[in-house]
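> any chance you can model this:
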Amino acid sequence: MGATADKVKGATNEAIGKAKQDVGQAVGSDRLQGEGAVQEIKGKGQKAVGDVKQATKDAVNNTAAATNKNL
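Numbering: from 1, shown residues only. Model (predicted):
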């Protein structure tokens, strides 16, 4: 999966997790609140993976550009 896909999936999971927590709190469901918290954390992790992939890609591209410029 690419960096952008990871970031999008992460943001989606984070939003769904927050929504589940809110619904769980509104209806008094500890289970739903817990599921929401887990899904939100999963989303944050996915976004972090996407950020790392993007940073790595940028670093490789910058190094390649600098190498080509020096030739």
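> can you give me the strands in the chain?
Here the chain has no strands by DSSP state E.
> now the residue nearest to the spatial centre of it. Nearest residue, chain neighbours left out?
Residue closest to the average C-alpha location in the chain (Cα atoms, centre = their mean): Lys47, at 1.6 Å. Excluding its sequence neighbours, the residue lying closest to Lys47 (Cβ to Cβ, 6 or more residues apart in numbering) is Gly10, at 3.3 Å. Where C-beta positions appear, they are placed from N, C-alpha and C, glycine not excepted.
> these two touch, right, that neighbour and Gly43?
Yes - contact criterion Cβ atoms under 8 Å: Gly10 and Gly43 qualify, at 4.6 Å.
> quick one: low-confidence parts of the protein?
70-71 (pLDDT under 70).
> show me which helix runs longest in the chain.
The longest helix of the chain (DSSP state H) is helix 30-70.
> quick one: Ser29 and Val52, what's the gap?
Separation of Ser29 from Val52 (Cβ to Cβ, to the nearest Å) stands at 34 Å.
> tell me which of the two has more neighbours.
Counted by other Cβ atoms under 10 Å, Ser29 and Val52 do not tie: Ser29 has more neighbours, with 15 against 12.
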